[in-house]
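*Asks:* What follows is a protein structure lacking sequence information:
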């Protein structure tokens with residue numbers, strides 16, 4: 001079941017998704033460190049894995065295509081899929 005979202009939670013997830021996407025794409029403010037993924041990416045990938053398992057075939061990830069817009073597309077993927085994570089571990093763990 002999907003996690004209910006409020007406007008504030010959606011804004012928080014979107015902001016964090018952009019930060020993680022920039023880091024993962026190597027476009028973050030600190031380019032001297034290796035790109036990292038965080039709890040939002042983990043939540044998004046859990047949801048993606050559940051969707052693929054439910055459909056009994058892999059759902060392709062197309063956010064990293066050659067058309068550009070990688071940070072924007074990755075931000076959207078992270079925000080949308082993380083918001084649907086039924087475990088909701090990314091916000092509970094990081095608020096403390």
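*Replies:* Happy to help now that I have it. Fair warning: this is a prediction, and the values are worked out from it, not measured in the lab. Residues are numbered from 1 along each chain as shown.
*Asks:* residue contacts, residue 47?
*Replies:* Residues near residue 47 by C-beta atoms under 8 Å, 6 or more residues apart in numbering: 81-82, 84-86. Backbone N, C-alpha and C define where each C-beta goes, glycine included.
*Asks:* mind redoing it with 7 Å?
*Replies:* Taking C-beta atoms under 7 Å, 6 or more residues apart in numbering, we find residue 47 in contact with 81, 84-85.
*Asks:* Could you give the number of residues near residue 21?
*Replies:* When counting by other C-beta atoms under 10 Å, one arrives at 26 neighbours for residue 21.
*Asks:* Would you mind naming the helix or strand containing it?
*Replies:* Assigned by DSSP states H and E, residue 21 belongs to helix 7-24.
*Asks:* which element follows that helix toward the C-terminus?
*Replies:* helix 39-55.
*Asks:* how far off helix 7-24 does that following helix point, in degrees?
*Replies:* For helix 39-55 against helix 7-24, the angle by axes from the mean of the first three to the mean of the last three C-alpha atoms, to 10 degrees is 100 degrees.
*Asks:* Include distance to residue 48 when you put the contacts of residue 47 into a markdown table, please.
*Replies:* Compiled in a markdown table, those are given as follows (distance: C-beta to C-beta, whole Å):
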| residue | distance to residue 48 |
| --- | --- |
| 81 | 6 |
| 84 | 9 |
| 85 | 10 |
